[in-house]
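With the input below, show me the fold.
(one chain, ligands or ions: 1)
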Amino acid sequence: MRKQIVFTTAALLLLAACKSTESGVKGSVTKQEFGKTASGEAVDLYVLKNKNGVEAAITNYGGIIVWLKTADKMGRLANVALGFDKFDRYLTPPPYFGAIIGRYGNRIAKGKFTLDGKEYSLATNDGANTLHGGKQGFDKRVWTAVPNSASGSQSLVLKYTSKDGEEGYPGTLDVTVTYTLSDDDDLSIDYRAKTDKATVLNLTNHTYFNLAGEGQGDILAHKVAINASRFTPVDAGLIPTGELKKVEGTPFDFHNPTAIGERINNDDEQLKLGKGYDHNYVLDRKGAGLEPAASVTEESTGRLLEVWTTEPAVQFYTGNFLDGTLVGASNRAYTKRSGFCLETQHYPDSPNQPAFPTTVLKPGEEYKSTTVWKFRLAGNSAR
Ligand code: BGC
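Numbers count the residues shown, from 1 in each chain. Next up, the predicted model:
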């Protein structure tokens with residue numbers, strides 16, 4: 001019996017290896033209709049596929065990643081991103097599944113900040129605070145989309161112009177987000193923006209991953225490593241207190257790969273406030289370029305996700321607010337902690353925290369930020 005299993009595994013691995021070296025297999029981008037918004041605007045779904053069969057399906061509504069198919073250790077492809085197969089399901093807004101977040105990812109206290117002596121009031125949508133851009137953030141806007149298929153990489157360029165005053169933010173902001181899927185199984189997200197008045201900006205993507213496969217239970221056994229010595233503790237409204245607290249000796253230390261569930265229920269004030277992990281990690285960076293921020297492995301499938309970024313921080317969120325009411329693409333309920341997010345970003349509430357790295361963008365400057373998700377197999381780190 002055991003011999004037979006070993007043989008089957010070896011045969012499958014060989015098959016997978018043959019497929020990936022097969023000559024003439026090319027990537028592609030295809031476009032299909034996905035649905036209509038409440039005001040009747042048509043939205044599409046673009047499927048980026050690389051030569052290995054890895055797929056990223058992205059809609060120009062909110063730049064949402066609808067599915068992400070990656071290979072397990074047997075070469076089998078499965079969707080590792082929480083989402084829906086029907087567009088209408090995105091109109092009763094889910095908690096930002098797969099979406100581009102803007103103008104400001106994460107929270108701004110009381111929806112207020114002062115810039116160049118002027119106080120701005122934002123739309124509030126999280127108690128007294130503003131979360132992920134306000135009532136109608138970038139995740140609920142229709143973007144223009146231009147696909148591009150090149151040798152070795154497939155991409156989708158999304159553009160959106162946010163009007164001066166939209167959700168209370170100053171300045172007309174031109175934003176471009178480019179998703180690129182390479183034949184090395186890297187999905188990069190490149191953010192660019194320009195403004196005509198000083199404003200604040202913190203763009204990210206809010207994909208919830210389950211590396212065992214979307215809808216395959218909770219993510220507590222996933223092992224996470226985060227390259228951070230400090231995090232920003234929060235108050236009851238999940239607004240940073242301003243302290244940069246050392247992770248050492250706390251359940252927040254992910255220097256060594258640790259199962260998400262190992263300490264998540266510890267008697268720790270911060271874990272209680274977040275109802276689990278819902279915290280901004282300050283990355284240990286060497287410079288300003290693309291650097292490894294975090295990695296996650298799921299042992300049963302052998303999937304490894306590495307997150308590289310130019311951003312100074314990452315919000316590690318363990319799907320604590322999922323409660324089983326949303327049913328995903330494979331018809332399974334998304335229960336508590338059935339997905340995790342690693343949202344690369346600047347720190348929450350930076351516009352009100354002068355000691356945090358600035359999130360101000362001025363006219364004449366260009367906002368530039370890149371994050372890359374590297375889909376690999378355990379033991380095959382890209383580092
Ligand atoms: C936040 C959570 C929030 C979730 C969904 C995360 O980025 O940190 O507090 O519940 O987004 O809205």
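
any chance you could map the strands in the stretch 51-200 of the chain?
Under the criterion DSSP state E, counting those that start in this stretch, the stretch 51-200 of the chain contains strands at 55-59, 65-71, 77-79, 100-101, 107-108, 112-115, 118-121, 130-131, 144-150, 153-162, 173-182, 186-195, 199-200.

Same list as before, the ones you listed that is, but in CSV and with mean pLDDT included.
Listed next are the strands of the stretch 51-200 of the chain as CSV, based on pLDDT from 0 to 100:
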stretch, mean pLDDT
strand 55-59, 98
strand 65-71, 98
strand 77-79, 98
strand 100-101, 98
strand 107-108, 98
strand 112-115, 98
strand 118-121, 98
strand 130-131, 98
strand 144-150, 97
strand 153-162, 98
strand 173-182, 98
strand 186-195, 98
strand 199-200, 98
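
So which of those strands is nearest L220?
strand 77-79 (18.8 Å; Cβ to Cβ). No exception for glycine: its C-beta is placed from N, CA and C like everyone else's.

Show me what that closest one is packed against.
strand 65-71 (3 or more Cβ pairs under 8 Å, 6 or more residues apart in numbering; DSSP states H and E).

Can you tell me what sits against the strand it packs on?
Here strand 65-71 makes contact (Cβ atoms under 8 Å, 6 or more residues apart in numbering) with 16, 34, 45, 52-59, 77-81, 83-85, 98-99, 179, 185, 187, 205, 207, 209, 214, 303, 329, 375, 377.

and the residues you listed, which are buried?
Among these, those buried by neighbour count (16 or more other Cβ atoms under 10 Å) are 16, 34, 45, 52-59, 78-81, 83-84, 98-99, 179, 185, 187, 205, 207, 209, 214, 303, 329, 375, 377.

Identify the bridge partners of I100.
N205 (DSSP bridges).

wait, it sits on L158?
Yes - judged on Cβ atoms under 8 Å, I100 makes contact with L158 at a distance of 7.5 Å.

So for these two, which sits in the more crowded spot?
Per other Cβ atoms under 10 Å, whichever of I100 and L158 has more neighbours is I100, with 29 against 23.

State the distance from the more buried one to V142.
Separation of I100 from V142 (Cβ to Cβ, to the nearest Å): 12 Å.

Then S121?
According to Cβ to Cβ, S121 and V142 sit 26 Å apart.

likewise G83?
Taking Cβ to Cβ, one finds G83 at 18 Å from V142.

Count residues in the vicinity of the residue of the stretch 151-300 of the chain found nearest the ligand, would you?
Relative to the ligand, the nearest point of the stretch 151-300 of the chain is D278 (4.7 Å; Cβ to the nearest ligand atom). Number of residues near D278 (other Cβ under 10 Å) recorded here: 19.

so what's in contact with I100 and L158 at the same time?
Residues touching both I100 and L158 by Cβ under 8 Å, 6+ apart: G63, W143, V177.

can you list the residues of the stretch 251-383 of the chain near the ligand?
Counting by Cβ under 6 Å from any ligand atom, the residues of the stretch 251-383 of the chain close to the ligand are D278, Q315, Y317, F321, E343.

Then the second one would be within a strand, right?
Looking back up the chat, that one is Q315. Yes - membership of Q315 in a strand is supported by DSSP: H, G, I helix; E, B strand; the rest coil.

which element is T370 on?
strand 367-377 (DSSP states H and E).

Could I get the buried residue list for that strand?
Result for strand 367-377 [16+ other Cβ under 10 Å]: buried residues Y367, S369, T370, T371, V372, W373, K374, F375, R376, L377.

in its sheet, what does it sit against?
Sheet partners assigned to strand 367-377 using DSSP bridges are listed as strand 186-195 (antiparallel), strand 303-309 (antiparallel).

Can I get that strand in PDB? Just the C-alpha atoms.
Extracted C-alpha coordinates of strand 367-377, given in PDB (Å, rounded to 0.1, in the frame of the first residue of the first chain):
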ATOM      1  CA  TYR A 367       3.500  57.700  -5.200                       C
ATOM      2  CA  LYS A 368       5.200  54.400  -5.900                       C
ATOM      3  CA  SER A 369       4.700  51.200  -4.100                       C
ATOM      4  CA  THR A 370       5.200  47.600  -5.100                       C
ATOM      5  CA  THR A 371       4.200  44.300  -3.400                       C
ATOM      6  CA  VAL A 372       5.000  40.800  -4.800                       C
ATOM      7  CA  TRP A 373       3.300  37.600  -3.800                       C
ATOM      8  CA  LYS A 374       5.600  34.700  -4.700                       C
ATOM      9  CA  PHE A 375       3.800  31.400  -4.900                       C
ATOM     10  CA  ARG A 376       6.200  28.600  -4.200                       C
ATOM     11  CA  LEU A 377       6.400  25.200  -2.600                       C
END
